[in-house]
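S.K.: A predicted structure for the sequence below; I have some questions about it.
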Amino acid sequence: MVEASTLARSPNSVYIGLSRYRTATLRTMPTGTWWVPAVRTALTISTHSHTPFYTLLYMSERSSVSDPLWFKDAIIYELHIKAFQDSNHDGIGDFNGLISRLDYLQDLGVTAIWLLPFYPSPQRDGGYDISDYFSINPDYGTLRQFRKLLKKAHKRGLKIITELVLNHTSDQHPWFQRARKAAPGSPERDYYVWSDTTDAYRDARIIFQDFETSNWTWDPVAEAYYWHRFYSHQPDLNFANPEVQESVFQVLDFWIDMGVDGFRLDAIPYLFEREGTNCENLPETHAFLKKLRAHVEARNPEVMLLAEANMWPEDSVAYFGEGDECHMNYHFPLMPRMFMSLKMEDRYPITDIMEQTPSIPDNCQWALFLRNHDELTLEMVTDEERDYMHKAYGKSNLSRINLGLRHRLAPLLDNNRGKIELMNCLLFSLPGTPVIYYGDEIGMGDNVHLGDRDGVRTPMQWSPDRNAGFSQTNPQQLYLPLIADPEYRFETVNVEIQQRNTSSLLWWTKRMLDVRKRYQAFGRGDLHFLQPENAKVLAFLRTYEDETLLVVANLSRFSQAASLDLSAYAGREVREVFSRAYFPRIEDGLYPITLGPHDFMWFELKAQKTVYPVQTKLADLPISLSKLPDLIKPTAFRQLAQEALPAYLNRCTWFDPQNRILQDVALRQSRSLSHEGRKYLLLHLEVAFDRGMPDQYVLPLGLVPESAAAMDDSLRLARISFKEEPAILYDATYEDRFLSYVMRHYLQPAGKGFKGKKKKLSFRRLDHPGANSTWLVNDDYFLKYFHKIDTIPLPEVEMARYLQETEHSTCVPAYMGSLQLPADHRPGLQLGLLQARIHHQGHAAQYFADVAHRYLEAVLTSDAPEPEPVAGPAALLSDQPPVVDPELLHHIGDVVVSRTRDIGQLVGNLHLALAAHPERKGFQPEAYTLHYQRSLFAALQSLLRSASQQIRRQMDQYQPDLQAEAERFLDLRPELITYFRQLTEDKLKTQKLRIHGDLRLEKLLFTGKDFVIIDLGGNSMRPFTETRLRKSPLQDVVTLLHAFHYLAHFRLRVTGSFRQEDAPRLRYWAEHWYRSLSRELLDAYLQAVAPAGFLPEDRAELRLLFNILRSHYALERLSQPGKLNRSRVRTALRELLTLVDTPAKPG
């Protein structure tokens, strides 16, 4: 390792190759060749036995970027290293602290981080007075830590933009110290601009009027005046000197090769001076910028240059050149006019400045901001406008500094949430790349009493803990004090509190950024202002390729109405992008809109409402790829998401929209895989519907030449072009090599007994309808692949692992591991579950269906008299349960009765296991409360209303006997509500546990001797968060009993099973069969769980709880949208009617 101090630093030193670079780690190769990792070329260096010669190079930590225009779609987050997070308790933020907060920034939704100056500096101007361009301020860390930051950020898809302060240095910089001591006319002296008088460049304005009286300052050492456009301790470099330009290029190379993604060029209009001009925006500056851009593009064409040119629009545009100077430039004149429009409640300031703004080259972009580290600058406004802004937004005389206002966003807007949201709406939707200033996403305050602009540079407020979670040091050691204003104190305004509140400004910002990133029109689209008569309403269109977005904002503090001329879009559907709800279609003429105070709306204007039918024809997409990962580029993925993905999902058996209409498919993240010569792209998709919450799915895609495509047609998504040849994009889920890859790489942790990782794996797909796909692996293991996923632990994996680890797995297949996609900064996505194979003869529904059929056939051939009616399972819970004559069970069969009791015992054992370890996170029992019981009563009322509406809609389709039962149900609703109301009277002494949640007979495998419970994840059609909730364990029993009831009567309705004239007699015996077996199952269950104490000991309470859960389950069945199975309607109605016809209320 070579230390910095050993390197020559003179401006006119001769450097060999890149030897000016500070440190490098070189690894010796066997032949004496030296290789520098992560650099595009190897360096072969001649070595001698004693004195090797090195050329020093940094390892690049650049992310793999494939789009040189990445900055157009970026969302930039500006922060001070010193203000973000202190890791070493010295009161100053540092690189390690920032690294620890990268997950927060990724979660926020930003895509690039702009770091304010972090170089060595006397810190007289917030680090903009640089004393060394090639090192790191030791308060912030080291170069090694900066490289680590680059690596960690790039791994999360975050770009790093740094400051390049070209115009001036600190007066402590070695260049200036040498220059002031050198002779006039010497190369060292010529690094800066000197004069014997202050008469030169008199037409140049003084920028910092509150601090400086001249742009010249006398230096007693040099015995001359030096030129500075900013503070007197910041002498301007002499860019007319070619050696200065070459030194700047070496600075750029140093950081580019390290992996920096972009540079903000500070104070760029002031680089050159010429007599008779104002020394701003000179042609020499633009000539140099073209040279600088060419140098950067030759070094790395993906590095971005952002100009800080605080000029009027026509002057600012010049800094783009013809697309050959800076990639980006701030739109300084727009920012104050956004504030003016809000205060004036008039759109004119915004529309006027945008109409004054010339068009820019296609490869360039504006940068937009509301606030930053400086004052709210008012240089690019008229004197009258500046006076208005000072009156409108100045809180006191201390607010003013230079020509601006030194406040953060929230204080400027009176901490008014509506105004803050509205201004951010404009920031995120007007043409350009938005820049967010740290802390504004939580509404941080400021302190104008700190002097200069330090009041907006205070520590980030992370939590209500010591020093706002920023540092563990003594509060007096903080580089700046925390905000003490009661309205903005860190105990009230901080990340931790807002993370827990989904209605907070932080969560609002996260949602806004997520929506913005879905539409390239915001970053790349055209702008067209609409002109409604109401000037308080700002409306404009953003269009890009096939995207058309309408933004409407109410600048007033009162509700407003407006009519928009959208006749050019007649016939288009109007969809609000946040709720995804459709508004009335655009007809000829004006489109009316009404907005609340400071309200705004974003609409997508779609050619027609997209309803995706099941399609069998293969989609031909105009997508041309050179490599599979290019499929996630915005244009390509948009075509895939609009045409191929919806059609494919709708025909998949594992995709169940639950009577909703699929409306949108968005990409959350992706991962490239490669195995045995085949490449895959694993997509994490978010699927939105016309109502309800979106679902998340994982879909692995493969790509093969069409001539080699051998997969089933049902797995093909689309035909595209790959390397200029036709190719098939297909679902790789069912490909053995893909399954082998995920089994070998993502099985974590492997359970006891799994021996497959080192063996060749074979897969046999099982016919297992539902939300998952299943395979037998090597005929020894059962693999379940989850198509529908979530970022939380999946319930089925969680339950299986718990039962294995707590040694209660005898009632379920042994857990062998889960397929978990690794993630460095968040919980991994669970893709599948591996369990030991259970050799079985089918599931319990098949077994008992056959039993019921044989039983009813035997009844037909028997002359036995009809037995006395057997009381149902609820009677078993009475204070004195009726005794059942054993002879009545004889007709059913001892073996069947025994196996039914086995199921009751098995379910009881499962619940005992789930209650056995209350210390385990996620498995703690919860007691019933009156509050919960009241919510359950409210849910029953809601279900009763919904079920009644469904029955009324379908009544005319029922047979007469079913109609009679339905009408009786409708008549007895008041009695049902009276019964349900008992829930609100006294707290039930019972507990909620983790349960199976969907324990139908199909979830029990029959081995020939006993039963095993499978599919522990509950109802796969419900949200995973819901299936992880604790419920009464009796719910699993109720589900099973309902299945027995349905099975008994369904057999009578299977076409061809029995004659119609035999139905009345068989119906009686079927009911007898159901009641007898359900009593046995419930009795066995209650005996099994009796010692546990999680059910009520009082029989009346137990009976009430049982009947409530039966009713809830039955009403849920009746409330399902769509046409209901009549047999299920009959079963549910009879359970409800039994409840009120012969009520068994607690006494």
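M.R.: Received, thanks.

S.K.: touching, residue 85 and residue 467? I think so.
M.R.: No. In this structure, residue 85 is not within contact of residue 467 by CB atoms under 8 Å, at 10.8 Å. Heads up, the C-betas are built off the backbone N, CA and C, glycines and all.

S.K.: tell me where the stretch 401-550 of the chain has strands.
M.R.: Using DSSP state E, counting those that start in this stretch, the strands of the stretch 401-550 of the chain run over 404-405, 433-437, 526-529, 537-544, 547-554.

S.K.: partners of the strand ranked longest in the chain in the sheet?
M.R.: Ranked by number of residues, the top strand in the chain under DSSP state E is strand 662-675. Strand pairing for strand 662-675, determined by DSSP bridges: strand 678-689 (antiparallel).

S.K.: so what does the helix or strand just after the partner strand touch, helix or strand wise?
M.R.: The helix or strand immediately downstream of strand 678-689 is strand 695-705, counting by DSSP states H and E. Secondary-structure packing of strand 695-705 (3 or more CB pairs under 8 Å, 6 or more residues apart in numbering; DSSP states H and E): strand 678-689, strand 716-722, strand 725-731, strand 788-789.

S.K.: what helices or strands is the last one leaning on?
M.R.: Here strand 788-789 is seen to pack against strand 695-705, strand 829-836 when contacts are counted using 3+ CB pairs under 8 Å, 6+ apart.

S.K.: so what touches it?
M.R.: 654, 684, 695-698, 771-772, 829-831, 1020 (CB atoms under 8 Å, 6 or more residues apart in numbering).

S.K.: any chance of the residues you listed in JSON lines, plus neighbour count, distance to residue 360 and pLDDT?
M.R.: Converted to JSON lines, the contacts of strand 788-789 look like this (neighbours: other CB atoms under 10 Å; distance: CB to CB, whole Å; pLDDT from 0 to 100):
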{"residue": "654", "neighbour count": "18", "distance to residue 360": "48", "pLDDT": "89"}
{"residue": "684", "neighbour count": "18", "distance to residue 360": "35", "pLDDT": "92"}
{"residue": "695", "neighbour count": "24", "distance to residue 360": "40", "pLDDT": "89"}
{"residue": "696", "neighbour count": "17", "distance to residue 360": "38", "pLDDT": "91"}
{"residue": "697", "neighbour count": "22", "distance to residue 360": "39", "pLDDT": "93"}
{"residue": "698", "neighbour count": "21", "distance to residue 360": "40", "pLDDT": "93"}
{"residue": "771", "neighbour count": "19", "distance to residue 360": "49", "pLDDT": "77"}
{"residue": "772", "neighbour count": "19", "distance to residue 360": "51", "pLDDT": "86"}
{"residue": "829", "neighbour count": "23", "distance to residue 360": "40", "pLDDT": "82"}
{"residue": "830", "neighbour count": "24", "distance to residue 360": "46", "pLDDT": "88"}
{"residue": "831", "neighbour count": "23", "distance to residue 360": "45", "pLDDT": "89"}
{"residue": "1020", "neighbour count": "20", "distance to residue 360": "51", "pLDDT": "75"}
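
S.K.: ok, those vs residue 290, which is closest?
M.R.: Closest approach between those and residue 290, by CB to CB: residue 684, at 42.5 Å.
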